[in-house]
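# this one's structure only:
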Ligand code: SF4
């Protein structure tokens, strides 16, 4: 698990101003997973989570309070900077409104911040698509109809033991457009809840005809070293640093990933998808060394 991952609930955000979100990072990239995989994407990662999954590979502990207006204004600057760094003018598809890309809201756990629905109402005018990803435990009310909701259920863990899947809030499950699961291979024939997709998810897919994505669990041998070296200096990262340094995790960094375990997880997940008609979901941004 990267980061500290202090568990919080909706109560943590009770004093939030109506037009603000607590933001860990924001960046321009390609969506690596799910229904928009491979599409240009503007990401806003919201801070804090209501779980602390042992395999979590994101940093979301720290955040800055940002107004809706500043988040919307800043998108152009971040996208322009991406092209500027590559000595390219910003192409019209990325600057015209609506931008030909997907706005992805992830976390942490985005559903903890009820203000998010109002933000999406405003932001959806500027992007061709909008998507949020949630573990589904908390209900996010008033999510705009046009926003794609990917629910990615996770397991209850105690004392480093993975116990069982947490079934999402029924209203989130009813609203979900897709489900996404992380999958690990059976370890020495020891059963892990992450080696099986729960029955209620199979039933959801059969009943709704909607798709289930399966992501092989990526196992890391160590933290990405750029992040570690800054944290070892004992200082907090700024929003700009979190948006760059915390987000770039590359498949090609030597000795970062446990390739043996990852190979097993990928082969196991692929076979599971073939057996059940689910969609194999690789984190393709890792191969492009993009955030
Ligand atoms: S729910 Fe997602 S963001 Fe939260 S700890 Fe688990 S993997 Fe990380």
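That came in fine, so what should we check first? Since the structure is predicted, the reported quantities are computational estimates derived from the model, not experimental observations. Numbers count the residues shown, from 1 in each chain.
# Run through the residues that contact the residue nearest to residue 99 when sequence neighbours are not counted.
Once flanking residues are discounted, residue 99 sits nearest to residue 127: 5.3 Å by CB to CB, 6 or more residues apart in numbering. (Glycine included, C-beta is placed from N, CA and C.) For residue 127, the contacting residues are 42, 98-99, 101-103, by CB atoms under 8 Å, 6 or more residues apart in numbering.
# So which of the residues you listed reach the ligand?
The subset of the contacts of residue 127 within reach of the ligand, by CB under 6 Å from any ligand atom, is empty.
# Restricted to buried residues, select the residues you listed in ChimeraX.
This is the ChimeraX syntax for the buried subset of the contacts of residue 127, where burial follows 16 or more other CB atoms under 10 Å:
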select :42,99,101,102,103
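# Show me the two of the contacts of residue 127 that sit farthest apart.
Spatial extent of the contacts of residue 127 (CB to CB) is set by the pair 42 and 98 at 11.5 Å.
# Near the ligand, which residues of the stretch 151-291 of the chain are found?
When proximity is defined as CB under 6 Å from any ligand atom, the stretch 151-291 of the chain approaches the ligand at residue 154.
# Grab the nearest non-local neighbour of residue 194.
Leaving aside its sequence neighbours, residue 194 sits nearest to residue 184 (CB to CB, 6+ apart; 4.5 Å).
# now that neighbour: how far from residue 41?
Distance, residue 184 to residue 41, using CB to CB, to the nearest Å: 26 Å.
# and if you look at residue 234?
Using CB to CB, residue 234 is found at 33 Å from residue 41.
# The two: which is more packed in?
Neighbour tally, residue 234 and residue 41, criterion other CB atoms under 10 Å: the higher count belongs to residue 41, 23 against 6.
# Report whether that one is found in a strand, as I expect.
Yes: according to DSSP: H, G, I helix; E, B strand; the rest coil, residue 41 belongs to a strand.
# what sits against the closest residue to the ligand within the stretch 151-291 of the chain?
Residue of the stretch 151-291 of the chain nearest the ligand, by CB to the nearest ligand atom: residue 154 (4.8 Å). By CB under 8 Å, 6+ apart, the residues touching residue 154 are 51, 53, 135, 165-166, 182.
# ditto for residue 137
Counting by CB under 8 Å, 6+ apart, residue 137 has contacts 50-51, 109, 111, 166, 168-169, 172.
# of all the residues you listed, which comes closest to residue 195?
Proximity of the contacts of residue 137 to residue 195 (CB to CB) peaks at residue 166, which lies at 16.4 Å.
# Distance check, the closest one against residue 211.
For residue 166 relative to residue 211 (CB to CB), the value is 21 Å.
# Next: residue 240.
If you measure residue 240 against residue 211 using CB to CB, the figure is 36 Å.
# Grab the most central residue of this structure for me.
Centroid-nearest residue in the chain, with CA atoms, centre = their mean: residue 106, separated by 4.5 Å.
# so who does the residue of the stretch 101-250 of the chain found nearest the ligand touch?
Among all residues of the stretch 101-250 of the chain, residue 135 sits closest to the ligand, at 4.3 Å; criterion: CB to the nearest ligand atom. Contacts for residue 135 (CB under 8 Å, 6+ apart) come out as 49-51, 109, 111, 151-154, 166, 168.
# mind redoing it with 7 Å?
Applying CB atoms under 7 Å, 6 or more residues apart in numbering to residue 135 gives the contacts 51, 109, 152-154.
# ditto for residue 129
The contact partners of residue 129, taken as CB under 7 Å, 6+ apart, are 36, 102, 148.
# try residue 7
Per CB under 7 Å, 6+ apart, neighbours of residue 7: 49-52.
# just those that are near the ligand?
Among the contacts of residue 7, the residues lying close to the ligand (CB under 6 Å from any ligand atom) are 49, 51-52.
# In helices, which of those fall?
Among these, DSSP state H puts none in helices.
# What subset of the residues you listed is buried?
When neighbours are counted using 16+ other CB under 10 Å, the ones next to the ligand among the contacts of residue 7 contain these buried positions: 49, 51.
# With pLDDT as extra columns, can I get the ones next to the ligand among the contacts of residue 7 in a markdown table?
Formatted as a markdown table, the ones next to the ligand among the contacts of residue 7 follow (pLDDT from 0 to 100):
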| residue | pLDDT |
| --- | --- |
| 49 | 96 |
| 51 | 95 |
| 52 | 91 |
